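Enquirer: Return atomic coordinates for the entry below.
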Amino acid sequence: MVLLFLLLVGAVVWAFAMATDMAPVAVPLAVIIAIAATWASYYFSDRIVLGISRARPVDKNELPYLVNITEAVAIGAGVPVPELYIIEDTAPNAFATGRNPRNSVVCVTRGLVQKLNREELEGVIAHEVAHIRNYDILLATVAVTMVGIVALLSDWMLRFSWRSGRRRSRSHGSGGDAAGAVLLLIGLIVAILAPLVAQLLRFSLSRRREFQADATAVQITRYPPGLANALRKIAADPEPLEVANKATAHLYIYNPLKDMEGPVDRLFNTHPPIAERVKVLESMS
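Expert: This next block holds a predicted model:
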């Protein structure tokens, strides 16, 4: 999955260079930017996500029972205890982020802590710890940064290529440069399609991993109703998550963008339907 994002970044940069006057350096430039994007995503994507979400660390004395639940679940899952962060928002939700189990974070909202009972909280924390144990956190968090990089590069390329194309047209007269026009067209197509492909890859990754994390959470807690009831409560809660956006929605245990209900929206949804997830969990009881 990360390789596909790398290829998208490389394709956008290559198309940009070929469509402008930078063709001789197209391949080296694409490789350098793709490697730099991957390095930045690996080391900084978790902090970027926490910053976007306006999350802060939880003091051990602030929510001792939540700390105890997280420690117990992590021990049961056989992973290091993750850092705990909280978002001061009354909508119940949670996500996990980080590079690996030793550098991981579980982030919950204030609403989750206030509205769920202990068994339901255990189910949610186990779901997020499952993402950590399965290394979903690296893929999901890097995807946020990589999708943003692809979109940013594509937008930059569209703007620059448009100006470059106009300069070329004036310099070559009315006939223009046929080869340059073809390269410019290819570059524009890549710039337009690359962000869409990147988003579809991110959606596909998230939907498949949610079912797997639900199943792993049940293995950890041995109590399917805890997570099933938590999902029902989270889905039924009417309050929107103010800090949620399309870039980070796939990280949460439940899609915080609750207005995505149309047929086209469901196609691009980041999560499987709650009813399907609950049905699978109930079959495990």
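Enquirer: mind listing the strands in this structure by residue range?
Expert: Under the criterion DSSP state E, the chain carries strands at the ranges 55-57, 83-87, 94-100, 103-109.
Enquirer: Kindly calculate the angle that the third one makes with strand 83-87.
Expert: An angle of 140 degrees separates the directions of strand 94-100 and strand 83-87 when computed by axes from the mean of the first three to the mean of the last three Cα atoms, to 10 degrees.
Enquirer: outside of strand 94-100, which residues touch it?
Expert: 42-43, 45-46, 49-50, 53, 82, 104-109, 112, 124-125, 127-129, 131-132, 135-138, 140-141, 248, 251-253 (Cβ atoms under 8 Å, 6 or more residues apart in numbering). Where you see a C-beta, it was placed from the backbone N, CA and C, and this is true even at glycine.
Enquirer: What's the ChimeraX syntax to select whichever of those are buried?
Expert: The buried subset of the contacts of strand 94-100, as determined by 16 or more other Cβ atoms under 10 Å, is captured in ChimeraX by this line:
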select :42,45,46,49,50,53,82,104,105,106,107,108,109,112,124,125,127,128,129,131,132,136,137,138,140,141,248,251,252,253
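Enquirer: quick revisit: flag whichever of the strands of the chain has the least confidence on average.
Expert: When those are ranked by mean pLDDT, strand 94-100 comes last with a mean of 92.
Enquirer: Flag every buried residue along that one.
Expert: Neighbour count says strand 94-100 has 94-99 buried, by 16+ other Cβ under 10 Å.
Enquirer: With distance to residue 283 added, can I get those residues in a markdown table?
Expert: What follows is the buried residues of strand 94-100, written out as a markdown table (distance: Cβ to Cβ, whole Å):
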| residue | distance to residue 283 |
| --- | --- |
| 94 | 23 |
| 95 | 25 |
| 96 | 25 |
| 97 | 30 |
| 98 | 31 |
| 99 | 34 |
